[in-house]
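**Q** what's the 3D shape of this:
(2 chains)
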Amino acid sequence: MSSNAAECLVQEFLVESYENLDVVDANLLSIERGDATPETLAAVFRSVHTIKGTCGFLGLSKLESVAHNAENLLSLLRDGKIAPGPAITDALLRTVDAIRSILANLERDGDEGSASHDALVELLAALAAGRPGPPAQEAVLASAAEDAPSPAGAESGVPTSELLPFADEVATSKTNEAEALPKPANTSPVPPSRSVKESSPEPEATSRASVVDNTIRVDIGLLDRVMNLVGELVLTRNRILQFAPSMAEHGFANASQRLNLLTTELQEAVMKTRMQPIGNLWNKLPRMVRDLSHACGKRVELELDGNDTELDRTIIEAIKDPLTHAVRNAIDHGVETPEQRVAQGKPPVARLLLRAYHEGGQVNIEISDDGAGLNYDRIRQRALERGLVSSEKAAEMGERELGHLIFHPGFSTAAQVTNVSGRGVGMDVIKTNVERIGGSVDIGSVLGRGTSLKLKIPLTLAIIPALVVTSRGERFAIPQVNLHELVRIDRDERRGIERLYGATFYRLRGQLLPLVFLGDCLELPESEERAEAINIVVLQGDGRQFGLVVDSIRDTEEIVVKPLGKELRGLSVFAGATIMGDGHVALILDVLGLALRANLRSSGGSHSLDTATTTTTSATPQESFLLFSVGSGARMAIPLSLVSRLEEIRRDSVETSAGRAVVQYRGEILPLIDLAAAFGHRVDATRERLTVIVHACGTRHVGLVVDEILDTVTETITTRQSIRRPGTLGSAVIGGKVTDLLDVAGVLRRVDPDLLHDENAA
Amino acid sequence: MTLSIVPETARSLALQICTFTVGGLLFGIDVKEVHEVLRAQHVTRVPLAPGTVRGLINLRGQIVTAIDMRARLQFPPMDSDEPPTNVVVRHGEGTVSLLVDEIGNVLSVDHERYERTPESLSPVIRDLLDAVYKLDDRILLVLNASRIPEIAAAGDRA
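**A** Next comes the predicted model:
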């Protein structure tokens, strides 16, 4: 069983590496031609890094040492420490050949073969050891010339009979190269690689075929086409079936029945070619985590949640590398050793949790560990050292911005480069790959508590179950992941529906649920038909819950999400479109976009602040809160939906304008309100840096100065005290402690009524 | 002999233009950019979309935006219930369908009949035109296919 799994791993490694090598070959040639861009180098580096990383787990020590040395050289090239020259590209191309020959051996005999690649390794090391800083090409060549003869000489002492033809070739071509060095133009990479292929053409060809035997890589464009054709076939089949009863011919009925069955089967098969549970990707992780944590001397327990979350295969492909790198990073850098953990009062075994779930029309994948967390100070320092940011900028950067710095190519805070990770390439791979498929990466971390990496992957190509509804004669699909429940009220029994300041609410089990009328929200023209009932689709998106009122609820259907044309991308209320059974197009609603649009519309009135606050705090049973402390450690909470950003500012950047404390913030003037002062606590004037919660209302922002951000929690408020202090909405037990809920509007009104007035006017 | 092997100068002498009428005027698009011409299709309206976007049609499994050429070229909507014809056009990376009043013939136009777009035309229309050809009995306005959807995106939100 486990040897089978290992076999599987090797096979995949081979297929993947061959592909990678082809790309590396092409890129190296373009570097040699001199038309390389920094991206070309970064791409070569990533490919070699991936090969090296994987062979570490497979115990391929020879391959690893070749790849590791090549990677060293490449990282110097990428960082501009040395300039590419013929000697370097030649050595790198030879590395590719060496890797190919090892892979061929691995495929044929199951081991790395007996050929020695020490000479190549030494050459690579010698090239990498060339003086740091960008020397002239001659200098690199000269250093190569000094170093090259000695390994080559050592090599020639080994009886050649013990070496495979390839190793022989390496040795001789190296000596040739050393001789030819004064004329660098002669060092063409072509002869060695050709002779390698000639040396073992037969076995390589046959074994290469065996890997390819049971898997074919199909261009996704072709799959898309097949899928579209099948969709058309289904529609044509439906039409034929409609004719069948009216046709007297018995044979026709039989044939159409057969067509029906075959089409259904074909459709299912084609769908299957594209969808895969993420578990397929994940079942390699336990082994990888085990080996990695052993290699790093750590103890890690892996938890996987959401194994059966289905993803389109293109997406699975695209997130494979990012996931591997994320896990590798988490274990190597995120998690501490058992001793360190115990010393910090943590259990010796670290937890690594991978969660996959659908949310808001996207697939979220979270990789969280309970390790050391990001050291923001070190990131800031590293960013300064590498000249990524200016010192003023670095001082102003918030944790979020700092966290995003680690996605910069070549950025690593690892104290030392290990053979697992630490070159700062991993996070770069994650970001590049995820963004390529239109996703986004976010990182959250608390020093000493752990790091959580969140990948948001679009479902552009995915097939999703959806609820089909109609409003004023138009049909819409709602992704079922956003769906909470359906409520139906008879039209003449409108109890429970209340109107407040132009906003409508429904009392759902004692909670006020804000209602959004789809027809109004989308400005659909009024139609004559009156629905005999009010249908409420209760939706959830990004922490908000609301009821969408539609005319009728049709059915649930599996739909293929297709993106809208460029002309319509700006419409955030739609997530895309799909083709329904009758061949017509239906729009897919984007629940978040819809909530946003509905909210914007309702906040026009002068009571906007009040209603916004009360609806978010009282209507939603489960809500996310930001916990913070004010004054002498008083705990307070604000709904996360009212927080637009968290910032840290220097006290000396605070200015005064019209008697108010303000700070320049993103091109606007941000008024500051010190909550400690507002609640009569002692104000700590000695702090150099102020922690500010930026609250957006309408088009303006207000900064709330607090002592410390404690946490964010998502929970149902269990108790709420009815006695309220001014400036609070009452108290609740959040995170097991009594916490005051901040009434932003109330505080603004009390502290600075002008401000509130300005806002309403704006 | 196909168009593509005719030398550049000769080709510009005889351009193949797929013609259609909108609001009584004769418009055309280079045939190389026209994917196909379809009868009226079922159009799904897109709420909140710009007024020039009539909706979405299903083109053999591909969802294509249908642009109302009457709105785009600033003509009033059609009086009759005559269903519009779809001229499916490839532009850049996408495909759009232009809803036109009536499809015409494919005409070969000589370069001699070429005229630069008159400056006196309204800028909205002038931006869309590649060239103007003086035919014997009427004027042919040749549209630039890739500009049509571009401005629809930036256009009015009716």
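**Q** from what I can see, A:Leu302 looks like it's in a strand, true?
**A** Yes - going by DSSP: H, G, I helix; E, B strand; the rest coil, the assignment for A:Leu302 places it inside a strand.
**Q** okay but it is in contact with A:Pro286, surely?
**A** Yes - counting by Cβ atoms under 8 Å, A:Leu302 touches A:Pro286, with 5.6 Å between them. The C-beta positions use only the backbone N, C-alpha and C, and glycine is treated the same way.
**Q** the more surrounded of the two?
**A** Shown here are A:Leu302 and A:Pro286; by other Cβ atoms under 10 Å in any protein chain shown, A:Leu302 has more neighbours (19 against 12).
**Q** For chain B, see how far away A:Val585 is.
**A** 4 Å (Cβ to the nearest Cβ, to the nearest Å).
**Q** in the sheet, who's paired with that residue?
**A** Per DSSP bridges, residues listed as beta-bridge partners of A:Val585: A:Ile579.
**Q** these two touch, right, it and A:Thr578?
**A** Yes - because the distance of 7.3 Å satisfies Cβ under 8 Å, A:Val585 is recorded as touching A:Thr578.
**Q** what residues are shared contacts of these two?
**A** Common contact partners of A:Val585 and A:Thr578 (Cβ atoms under 8 Å, 6 or more residues apart in numbering or on different chains): B:Ile63.
**Q** Quick one: name the residues of chain B near chain A.
**A** Applying the criterion Cβ under 8 Å from any Cβ of the partner chain, the portion of chain B that neighbours chain A consists of B:42, B:44-50, B:53, B:55-58, B:60-65, B:67, B:93-96, B:149, B:152-153.
**Q** Going through these, which ones are buried?
**A** B:44-50, B:53, B:55-58, B:61-65, B:67, B:95-96, B:149, B:152-153 (16 or more other Cβ atoms under 10 Å in any protein chain shown).
**Q** what ranges do the helices span in chain B?
**A** B:8-13, B:69-72, B:123-128, B:147-154 (DSSP state H).
**Q** how about the nearest residue to A:Asp442, chain neighbours excluded?
**A** Spatially, and ignoring its direct neighbours in sequence, A:Asp442 is nearest to A:Lys454 (4.6 Å; Cβ to Cβ, 6 or more residues apart in numbering or on different chains).
**Q** so A:Asp332 sits right up against A:Cys296, yeah?
**A** Yes - counting by Cβ under 8 Å, A:Asp332 does reach A:Cys296; the two are 5.7 Å apart.
**Q** Check the gap between whatever residue of chain B ends up closest to chain A and A:Val234 for me.
**A** For chain B, the residue positioned closest to chain A under Cβ to the nearest Cβ is B:Gly61, at a distance of 3.2 Å. Counting by Cβ to Cβ, to the nearest Å, the separation of B:Gly61 from A:Val234 is 10 Å.
**Q** picking up where we left off before, ok, of the helices of chain B, where does mean pLDDT dip lowest?
**A** Mean pLDDT values for the helices of chain B show the minimum at helix B:8-13, a mean of 48.
**Q** pLDDT score for A:Asp332?
**A** Reading off the per-residue confidence, A:Asp332 sits at a pLDDT of 82.
**Q** And B:Leu26, by the same measure?
**A** Predicted confidence (pLDDT) at B:Leu26: the value is 93.
**Q** Contacts only, for it.
**A** Residues B:Thr19, B:Phe20, B:Gly104, B:Leu135, B:Arg138, B:Ile139, B:Leu140, B:Leu141 are the ones in contact with B:Leu26 under the rule Cβ under 8 Å, 6+ apart.
**Q** Quick check, pLDDT for the fifth one.
**A** This points to B:Arg138. 89.
**Q** where do the strands sit along chain B?
**A** In chain B, the segments counted as strands under DSSP state E are B:14-22, B:25-30, B:34-38, B:53-59, B:62-68, B:85-91, B:94-100, B:102-110, B:114-115, B:129-134, B:139-143.
**Q** For the nearest residue to A:Leu548 once chain neighbours are set aside, name its beta-bridge partners.
**A** In this structure, A:Leu548 finds its nearest non-sequential neighbour in A:Val537, 4.5 Å apart by Cβ to Cβ, 6+ apart. According to DSSP bridges, A:Leu486, A:Leu548 are recorded as the beta-bridge partners of A:Val537.
**Q** any idea how far A:Val537 lies from chain B?
**A** Summarising the geometry, the distance separating A:Val537 from chain B, computed by Cβ to the nearest Cβ, is 17 Å.
**Q** and that residue, how many neighbours does it have?
**A** Summarising burial for A:Val537: neighbours were counted as other Cβ under 10 Å, giving 23.
**Q** tell me the contacts of it?
**A** Remark: with contacts taken as Cβ under 8 Å, 6+ apart, A:Val537 is in contact with A:Leu467, A:Val469, A:Ile478, A:Leu483, A:Leu486, A:Gly547, A:Leu548, A:Val549, A:Val550, A:Ile553.
**Q** if I look at the last one, how far off is chain B?
**A** To tie it back to what came earlier, the one meant is A:Ile553. In this structure, A:Ile553 lies at 19 Å from chain B, with Cβ to the nearest Cβ as the measure.
**Q** quick one: pLDDT of that residue?
**A** What the model reports as pLDDT for A:Ile553 is 89.
**Q** and it, that one's in a helix?
**A** No - when three-state DSSP is applied, A:Ile553 is found to be strand, with no helix at that position.
**Q** Beta-bridge partners for it, please?
**A** When assigned by DSSP bridges, A:Ile553 has beta-bridge partners A:Val469.
**Q** Next, count neighbours for it.
**A** A:Ile553 is surrounded by 17 other residues when neighbours are defined as other Cβ under 10 Å.
**Q** next one: the third one
**A** Using other Cβ under 10 Å, A:Ile478 has 25 other residues around it.
**Q** Show me what it bridges to in the sheet.
**A** Per DSSP bridges, the residues bridged to A:Ile478 are A:Leu467.
**Q** The stretch 201-350 of chain A: strands as residue ranges?
**A** Counting by DSSP state E, counting those that start in this stretch, residue ranges of the strands within the stretch 201-350 of chain A are A:275-277, A:300-305, A:310-312, A:350-359.
**Q** and if you look at the stretch 501-650 of chain A?
**A** Under DSSP E, counting those that start in this stretch, the stretch 501-650 of chain A gives strands at A:503-508, A:511-517, A:533-541, A:544-550, A:552-560, A:574-579, A:585-589, A:622-630, A:634-639, A:643-650.
**Q** count of residues packed around residue 14?
**A** Since you didn't name a chain, this refers to chain A. A count of nearby residues for A:Leu14, using other Cβ under 10 Å, gives 19.
**Q** nope, chain B please
**A** Applying other Cβ under 10 Å, we find 13 residues neighbouring B:Ala14.
**Q** is it true that it touches B:Glu112?
**A** No - using Cβ under 8 Å, B:Ala14 is not in contact with B:Glu112, being 10.3 Å away.
**Q** circling back to that earlier point, the residue of chain B closest to chain A contacts A:Gly231, correct?
**A** Yes - taking Cβ under 8 Å as the contact criterion, B:Gly61 and A:Gly231 are neighbours in contact, 4.5 Å apart.
**Q** shared neighbours, these two?
**A** A:Ile579.
**Q** contacting residues for the residue in chain A that chain B sits nearest to?
**A** As assessed by Cβ to the nearest Cβ, chain B sits closest to A:Asn228 within chain A, at 3.2 Å. Taking Cβ under 8 Å, 6+ apart as the definition of contact, the neighbours of A:Asn228 are B:Arg60, B:Gly61, B:Gln62.
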